[in-house]
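>>> The following comprises the amino acid sequence and a computationally predicted model.
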Amino acid sequence: MKTGRIHNRTGVLVLLGLVAALAPATAWSGQLGLTAADSFWLEDYRGIGSYTVAPLASTAPQNPAVPGFVNAWQNGTTVTSAWSVAATGLDHPVQEGEAGGAVSYSGYGGGIRRVRHDVDSSAISSGSGVFYLGGLLRLDSNGDLTGLNIAGFSRDQGLNDTDYFDPAAAKDTEGLQWGFEGDGSQINLVLRHRYDTDLSSTTQTLRMLTEPVLNNVAVGTTYQVVAKIQMNSVSGDPRGNDLVSVWVNPVDITTEAAAGAPTAQFVDFSLNTRSFFHELVFASQDLGNQVTYDEMRMGTAWSDVAVRDRAVASERFALSAGPLHGRGSGSGWSGPWSVSDGGANPSLFQVQNPGAPLAFTAAGVDVHGGTSALRMAGNGSTTARYAERALSEVQSGDVFASFLVRWDGAMDTGDLFDAMFYSGSTQVGRFGAKVNGSADQGDFFVALGSNTSFVNPTGGLDFDPQSDHLLVARLFKTAGSNAYNAIAFWLDPAYADYNAPTWTYSNSSLSLQTIDAFRMSVRDLDTGKFVWIDELMLGTSWDQVVTLRELPTDIPEPASLALLALASAGLGGYVRRRR
């Protein structure tokens with residue numbers, strides 16, 4: 001089968017000739033089709049990561065425990081330290097990536113420097129012959145305007161470094177790579193793929209082509225690339241039978257359909273068989289610029305590669321010890337925390353080391369705090385003391401919140417802590433615990449509206465001061481309502497519990513339609529008692545506040561029957577959130 005090339009017009013790849021129509025947009029499929037994904041997590045990330053800030057290969061190759069990969073990193077022909085793990089990941093407006101590490105190229109200008117990591121062949125499975133590949137990349141300097149720097153997935157042909165970059169010798173490496181190339185006057189974002197140099201001949205003349213996708217890229221800007229290979233989806237075209245679509249910086253990555261038309265589309269012969277993804281490769285040829293890559297992913301669904309930067313707001317209290325007032329960490333907020341303790345010094349709300357980090361695990365959920373958390377202290381007052389922080393974006397749809405909580409000290413009847421969704425200066429919904437001292441009434445409660453009674457069902461659950469808890473709430477509008485009139489609450493949920501909240505309460509008399517702030521408070525706590533909070537997350541869906549943002553876990557809402565399998569099947573069902 002002959003292959004075809006693509007032509008550049010104003011920096012964008014365009015399709016030549018008649019091409020078969022795109023297949024229907026791929027639905028959320030979570031990690032059922034995830035083949036390999038490397039976020040370059042570091043060892044100090046709760047033991048989840050395996051990388052250190054050091055060269056990938058060189059004289060001491062790193063051997064990370066990364067799903068979808070096997071063996072240690074390997075050098076190309078030349079032992080090199082030019083490719084290293086960086087301490088900070090890439091930040092992108094919609095794609096997850098900033099947590100954990102990344103891979104950086106030091107800017108070694110002369111010759112070729114290449115490293116590679118074997119893909120686990122047993123993980124490669126695509127009955128439909130559809131693959132998605134992608135990642136983040138950033139040009140960190142542009143002093144050198146010639147040379148090529150690429151990363152991606154390819155077939156291992158045992159080539160030396162020189163032949164890897166030779167268009168003819170490397171023709172059977174197949175796959176796709178993306179990166180940066182200097183054309184003598186500027187640096188362009190390019191795609192490397194296989195093409196036929198002579199469409200007029202019936203004899204294939206296959207070569208690897210590096211072609212611009214986006215011209216004159218900006219230094220310091222993070223770009224997202226998502227590529228889709230549809231094997232054998234085109235027939236009767238002399239250039240090939242694979243349809244390849246490429247998106248660069250799609251604005252909405254929620255689904256493939258939401259991403260809109262691809263930046264580029266072309267017919268090619270990218271893969272001889274669906275098993276020809278042997279390795280993840282980073283390679284540079286004579287480019288003296290520093291380059292960073294992150295979130296290198298391959299799978300069989302859009303959601304395996306395009307992983308949303310999910311949280312509306314997050315606060316992990318990654319701050320030095322001291323009063324919380326006037327400070328804050330995380331993202332999604334319009335300013336720091338404001339603390340009020342009834343006119344007293346706002347030092348009752350402190351960021352401190354909790355000793356043992358707060359943590360909670362259940363089926364499919366593993367949430368871990370860190371060495372700093374919020375400590376809300378009691379002073380015996382019946383006046384509520386609170387910390388409030390405004391959101392950077394006003395919310396008008398479903399709002400989810402979750403956090404870890406620990407009670408430190410004796411529990412007396414009336415002791416209370418809660419979390420509240422606010423609109424302006426008015427409380428919309430709240431959830432928390434008030435010690436009842438009764439065998440009939442549980443401690444945990446929900447409430448809707450300002451100054452409304454707690455809903456605390458008979459037979460409810462008591463707060464266990466010996467355990468850390470994960471609290472999750474969903475504030476929402478029932479069908480036909482313009483106002484927030486319902487709240488669902490989960491205590492220590494498993495991931496599959498989305499459709500089984502601890503309880504749900506509604507109040508049809510409410511009128512507030514937006515949320516713009518979040519508040520946490522304590523009341524009636526004696527001096528020497530503390531409530532600890534960590535891993536606060538706000539989002540617009542269950543997976544945004546229950547899963548780990550750094551992991552490839554954009555799994556569909558648990559209403560999906562597929563979740564039942566995911567909840568007990570390896571990486572796909574074991575989702576974690578940690579600092």
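It's in. Residues are numbered from 1 along each chain as shown.
>>> element containing Asp304, please.
helix 302-305 (DSSP states H and E).
>>> Please apply the same query to Asp534.
strand 530-539.
>>> Listing partners with orientation, what would you give for that strand?
In the sheet containing strand 530-539, its partner strands are strand 313-315 (antiparallel), strand 373-377 (antiparallel), strand 399-408 (antiparallel), by DSSP bridges.
>>> contact partners of the shortest one?
The contact list for strand 313-315, computed with C-beta atoms under 8 Å, 6 or more residues apart in numbering, reads 328-333, 389, 391-392, 518, 536-538, 549. To be clear about C-beta, it is placed using only N, CA and C from the backbone, and glycine gets the same treatment.
>>> ok, and for it, which residues are buried?
Within strand 313-315, the residues that qualify as buried by neighbour count (16 or more other C-beta atoms under 10 Å) are Ala313, Ser314, Glu315.
>>> cool, the longest one as well?
Using 16+ other C-beta under 10 Å as the test for burial, strand 399-408 gives Val399, Phe400, Ala401, Ser402, Phe403, Leu404, Val405, Arg406, Trp407.
>>> What would it look like as PDB? C-alpha coordinates only.
The C-alpha coordinates for strand 399-408 follow below in PDB (Å, rounded to 0.1, in the frame of the first residue of the first chain):
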ATOM      1  CA  VAL A 399     -20.300  21.800  42.700                       C
ATOM      2  CA  PHE A 400     -18.500  19.000  44.500                       C
ATOM      3  CA  ALA A 401     -16.200  19.400  47.400                       C
ATOM      4  CA  SER A 402     -14.000  16.900  49.300                       C
ATOM      5  CA  PHE A 403     -11.400  17.000  52.000                       C
ATOM      6  CA  LEU A 404      -9.700  14.800  54.700                       C
ATOM      7  CA  VAL A 405     -10.600  15.500  58.300                       C
ATOM      8  CA  ARG A 406      -9.200  14.400  61.700                       C
ATOM      9  CA  TRP A 407     -10.500  15.200  65.100                       C
ATOM     10  CA  ASP A 408      -7.700  15.700  67.700                       C
END
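>>> so after that strand, what's the next helix or strand?
Going down the chain from strand 399-408, the next helix or strand is strand 416-423, by DSSP H and E.
>>> so what are the domain limits for this protein?
7-301, 313-578 (automatic domain parsing).
>>> Export the ones you listed to a markdown table and append columns for distance to Val307 and mean pLDDT.
Output for those, formatted as a markdown table (distance: least, C-beta to C-beta, whole Å; pLDDT from 0 to 100):
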| stretch | distance to Val307 | mean pLDDT |
| --- | --- | --- |
| domain 7-301 | 5 | 82 |
| domain 313-578 | 5 | 80 |
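>>> in what helix or strand does Pro212 lie?
Going by DSSP H and E, Pro212 is in strand 206-214.
>>> Walk me through which strands that strand pairs with, and which way each runs.
When DSSP bridges is applied, strand 206-214 pairs with strand 187-196 (antiparallel).
>>> who's in contact with Gln224?
Gln224 neighbours (C-beta under 8 Å, 6+ apart): His92, Val94, Gln95, Gly134, Gly135, Leu136, Trp247, Val248, Asn249, Pro250, Ile253, Ala306.
>>> What is the neighbour count of the spatially closest residue to Asn436 that is not a sequence neighbour?
In space, Asn436 comes closest to Asp443 once its chain neighbours are excluded; the distance is 5.8 Å by C-beta to C-beta, 6 or more residues apart in numbering. Residues lying near Asp443 (other C-beta atoms under 10 Å) number 23.
>>> pretty sure Asp443 contacts Asp418?
No - Asp443 lies out of contact with Asp418 (C-beta atoms under 8 Å); the separation is 11.2 Å.
>>> any residues in contact with both of the two?
Ala433, Lys434.
>>> Tell me where the stretch 401-550 of the chain has helices.
542-546 (DSSP state H, counting those that start in this stretch).
>>> try the stretch 201-350 of the chain
256-259, 302-305.
>>> Ok, which of the ones you listed comes nearest His278?
helix 302-305 (18.4 Å; C-beta to C-beta).
>>> how far is the closest one from where the chain is centred?
Here helix 302-305 is found 11 Å from its chain centre; the criterion is C-alpha atoms, centre = their mean, to the nearest Å.
>>> picking up where we left off before, pick out the most distant pair among the contacts of strand 313-315.
Among the contacts of strand 313-315, Arg389 and Arg549 lie farthest apart (C-beta to C-beta), at 18.5 Å.
>>> any idea how far Leu491 is from Phe445?
Using C-beta to C-beta, to the nearest Å, Phe445 is found at 11 Å from Leu491.
>>> and those two? which has more neighbours close in?
Phe445 (23 against 20).
>>> So what sits opposite the more buried one in the bridge?
Gly432.
>>> Can you tell me which of the contacts of strand 313-315 are buried?
Of the contacts of strand 313-315, these count as buried by 16+ other C-beta under 10 Å: Gly328, Ser329, Gly330, Gly332, Trp333, Arg389, Leu391, Phe518, Leu536, Met537, Leu538, Arg549.
>>> Need the contact partners of the helix or strand containing Val115.
Element membership of Val115 [criterion: DSSP H and E] is strand 112-119. With contact meaning C-beta under 8 Å, 6+ apart, strand 112-119 is reached by 35-36, 38, 56-57, 68-71, 73-78, 80, 82-83, 105, 153, 156, 161-162, 164-165, 277-286, 298.
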